[in-house]
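# everything below, folded, please.
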Amino acid sequence: MLKIAADFKEGDEVFGLAYGGAYAEYIAVSVKMIVHKPKQMSWETAAGVSEIWFTAIQASFLVGNLSAGQTVLFHAGASGIIPLVRILQLSAAVGQCLIQLAKAEGAKSIIATAGSDEKTRLCEELGATKAINYKRTDWGEEVKKIAPDGVDFIVDFIIGILSLHLSKVIRRSRIPSAGFGSCGTGFHNCLSRHARRESDR
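Presented below is the predicted three-dimensional model:
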């Protein structure tokens, strides 16, 4: 701890994550949760790195075990933020970060869903192999065409709305959830039914 603390001094510009209470004017944070802010980085970008990129990294690597050669599915691939704000080539939404991380890691197939053609184009510009407008297309059927054996893991922000089709694409998948934006009992029922089917294989 002393070695870590020695890296910081009063007046340093830092950013990171808090366990709670981050809307306060002053806050005490563990030095394990902060890093130095580069001079060329704005505070807005620093905030985005902390809340958005760290969330994407956690979902991809710490929970989803993302690795080269996998097929991944990201719901809300554009995360509802358009126009896209770029500072130091950083994207402004978790879904957009997930796509870029998967591309950088060498994922075999990166599938994203979004609610408009504008957003699906954005997903593909960021590196998605295929982006599907779920309002115009049965995304479950589209995913089956792209990945007939299923996907390795899914990151789902919506859950309740999309759970009706989850059984079409899950096959021993990991499903990190970055939020329960529309969660209902249908999600849990869908998972329990699928788990029973897989346990019988």
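# please count neighbours and contacts with C-alpha atoms only from this point.
Fine.
# distance check, Tyr134 against Ala102.
Here Tyr134 is placed at a distance of 21 Å from Ala102 (CA to CA, to the nearest Å).
# compare these two and say which is more crowded by neighbours.
Taking neighbours as other CA atoms under 10 Å, Tyr134 and Ala102 compare with Ala102 leading, 25 against 20.
# so that one is in which element?
Counting by DSSP states H and E, the element that carries Ala102 is helix 94-105.
# what pairs with the following helix or strand past that helix, and is each one parallel or antiparallel?
Proceeding N to C from helix 94-105, the next assigned helix or strand is strand 109-114, under DSSP H and E. Partners of strand 109-114 in the sheet, by DSSP bridges, are strand 71-74 (parallel), strand 130-133 (parallel).
# now do strand 109-114 against helix 94-105, angle only.
Angle between the axes of strand 109-114 and helix 94-105 is 170 degrees (criterion: axes from the mean of the first three to the mean of the last three CA atoms, to 10 degrees).
# now the strands paired with strand 109-114 in TSV, with mean pLDDT, mean neighbour count and distance to Ser116?
Converted to TSV, those look like this (pLDDT from 0 to 100; neighbours: other CA atoms under 10 Å; distance: least, CA to CA, whole Å):
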stretch	mean pLDDT	mean neighbour count	distance to Ser116
strand 71-74	92	26	15
strand 130-133	96	23	6
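# wait, which of these is closest to Tyr23?
With CA to CA, the closest approach to Tyr23 among those belongs to strand 71-74: 29.5 Å.
# what's stretch 100-114 in contact with?
With contacts defined as CA atoms under 8 Å, 6 or more residues apart in numbering, stretch 100-114 is touched by 57, 60, 66-79, 99, 120, 123, 126-134, 139, 143.
# quick one: which of those sit in helices?
57, 99, 120, 123, 126, 139, 143 (DSSP state H).
# what separates Phe8 from Val14, distance-wise?
Per CA to CA, Phe8 is found 9 Å from Val14.
# er, Gly48 I mean
13 Å.
# so between those two, which is more surrounded?
Gly48 (18 against 15).
# over to the more buried one. Which of the three states is it?
helix (DSSP: H, G, I helix; E, B strand; the rest coil).
# what does Val35 give?
Taken by three-state DSSP, the conformation at Val35 corresponds to strand.
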